[in-house]
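> mind folding the following:
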Amino acid sequence: MPVDSCWARSRPGAFASELGFHALAAQLTRGRLPDYEFHTREKVSFDGLDVVMFNEKWQFKFAHQVGDTLSLFISEFGGEHLASRQRN
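Below you'll find the model as predicted:
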């Protein structure tokens, strides 16, 4: 299913929602992960995604189906985004 890359960047969980991972999309939208206060080595679990938080870094562990779909999405739209940045 093609995704408009501008739309996908416009809100949390858009990628997950558009590609059929509705439970993950809802959790990401409600979760406010960027504002989350965490302790070192704390793990936050979503449907299809675990986030392990270290001091300054976060590790994202995707379920195979979500990770594979995300990889295809990045392959398709990541190059397009980089090319547009180089033109500007």
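> Ala63 against Ser45, yeah?
No: using C-beta atoms under 8 Å as the test, Ala63 is too far from Ser45 to be in contact (10.7 Å). Bear in mind the C-beta positions are built from the backbone N, C-alpha and C, glycine included.
> which of these two has more neighbours?
Per other C-beta atoms under 10 Å, whichever of Ala63 and Ser45 has more neighbours is Ala63, with 15 against 11.
> how near is the more buried one to Leu70?
Taken as C-beta to C-beta, to the nearest Å, the spacing of Ala63 relative to Leu70 amounts to 10 Å.
> repeat for Phe46
As defined by C-beta to C-beta, Phe46 lies at a distance of 13 Å from Leu70.
> Phe60 sits in which helix or strand?
Secondary-structure assignment from DSSP states H and E places Phe60 in strand 58-62.
> ok, that strand: who's next to it in the sheet?
Under the criterion DSSP bridges, strand 58-62 sits next to strand 49-53 (antiparallel) in its sheet.
> got the buried residues for the partner strand?
Neighbour-count burial for strand 49-53, with 16 or more other C-beta atoms under 10 Å as criterion, is recorded at Leu49, Val51, Val52, Met53.
> which residue packs closest to the second one, ignoring adjacent ones?
Right, Val51. On the basis of C-beta to C-beta, 6 or more residues apart in numbering, the spatially nearest residue to Val51 that is not a chain neighbour turns out to be Val44, at 4.7 Å.
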